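**Student:** Quick one, fold the following:
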Amino acid sequence: MLRVLAVDDEEPALAELLFLLRADPRVRSAEGVLEAAEALRRLGPREPDGAADVDAVFLDIRMAGLGGLDLARLLAGRAEPPRVVFVTAHAQHGEHALRVPGLRVVDWLLKPVRRERLAEAVRRVAELVAADRAPHPGHPPGARSLADGVAVDGEGGTRFLSVADITRAEAHGDHARLYTRHGSHLVRIPLSTLEECWRASGFVRIHRRHLVCLARIDTLRVDGGRLTVRIGASVLVVSRRCARELRDLLFGKATTDPPGNGR
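**Tutor:** As a prediction, this is how the structure comes out:
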């Protein structure tokens, strides 16, 4: 179960958020503070090998003094940073915060926070925290997490789709469509969550809508100043902000791949 800290400098909004969090059965404890500086004191200095006592911070973006984005940046520098869910009265602020690199942002919520939307954010946090806690190589058979793959529905019922079989993923609102060599599957998981969980498996964001497996890229092409990649029959545009990182990653990969790999 989750241990949560909520931070909002508006007391009524904080009280309402805490009420909703404490009503969720996946939340073991939920505390609240009225300013970011107090949140830092509450979280305390963390030793490099110390276990965090807060799994997630639900954080107002705009606050007097130290703002929510500033606090999230400070937390991201810790050895074991908590997951972050931003809360805001302005949708554009939430969309921007979700794209800030280097933060462990899971989701953002629009004020006034709806119970159903909060439940979805808590679910996403719970999945990621479970993946963090799950044992990695050498873990018991049958113990699977989102880092290993995802459960998908098909004609024969629900089955487990291994991350090794996935070539790319495409954002569809709060959902993502996963592509394999044999078809595609729509899952109710945001692309940002998949990006966080699958980074270690060689997946990289090339666009706000596209997450791809580096090993599955067939060609990289520049045409009229636009960078594209081809994966199977699909040609995907690489956004300008992602182009340099993708080139660096592919160049580093190319120097270690054996000749004749087709890259």
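**Student:** what's the spacing between residue 93 and residue 67?
**Tutor:** From residue 93 over to residue 67 the distance is 10 Å, taken as CB to CB, to the nearest Å. Any C-beta I mention is one placed from the backbone N, CA and C, and that applies to glycine too.
**Student:** Pull up the overlap in contacts between the two.
**Tutor:** With contacts taken as CB atoms under 8 Å, 6 or more residues apart in numbering, residue 93 and residue 67 have residue 61 as neighbours in common.
**Student:** wait, what's in contact with the residue nearest in space to the middle of the chain?
**Tutor:** Centroid check for the chain by CA atoms, centre = their mean gives residue 193 as the closest residue, at 2.9 Å. Contact analysis of residue 193 by CB under 8 Å, 6+ apart lists 106, 124, 127, 128, 146.
**Student:** give me that answer again for 7 Å
**Tutor:** Applying CB atoms under 7 Å, 6 or more residues apart in numbering to residue 193 gives the contacts 106, 124, 128.
**Student:** and if you look at residue 64?
**Tutor:** Counting by CB under 7 Å, 6+ apart, residue 64 makes contact with residue 9.
**Student:** what residue ranges in the protein score low on pLDDT?
**Tutor:** 45-52, 131-145, 154-158, 252-263 (pLDDT under 70).
**Student:** quick check: domain ranges of it?
**Tutor:** 2-133, 149-254 (automatic domain parsing).
**Student:** highest average neighbour count across these?
**Tutor:** Most buried of the domains of the chain, by mean neighbour count (mean count of other CB atoms under 10 Å): domain 2-133, with a mean of 17.
**Student:** first vs last residue of stretch 107-117, how far apart are they?
**Tutor:** Criterion CA to CA, to the nearest Å; first-to-last residue distance in stretch 107-117 is 10 Å.
**Student:** same deal with stretch 194-210?
**Tutor:** This stretch, stretch 194-210, spans 11 Å end to end (CA to CA).
**Student:** starting at the chain centroid, how far to that stretch?
**Tutor:** In terms of CA atoms, centre = their mean, to the nearest Å, the gap separating the centre of stretch 194-210 from the centre of its chain is 9 Å.
**Student:** For the nearest residue to residue 99 once chain neighbours are set aside, give me its contacts.
**Tutor:** Counting by CB to CB, 6 or more residues apart in numbering, residue 208 is the residue found nearest to residue 99 once chain neighbours are left out, at 6.9 Å. With contact set as CB under 7 Å, 6+ apart, residue 208 has these partners: 99, 171, 239.
**Student:** Let's have the residues you listed in JSON lines, adding secondary structure and distance to residue 44.
**Tutor:** Listed next are these as JSON lines, based on DSSP: H, G, I helix; E, B strand; the rest coil; distance: CB to CB, whole Å:
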{"residue": "99", "secondary structure": "helix", "distance to residue 44": "29"}
{"residue": "171", "secondary structure": "strand", "distance to residue 44": "36"}
{"residue": "239", "secondary structure": "coil", "distance to residue 44": "38"}
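**Student:** Let me know the closest of those to residue 8.
**Tutor:** Within the contacts of residue 208, proximity to residue 8 (CB to CB) peaks at residue 99, which comes in at 22.0 Å.
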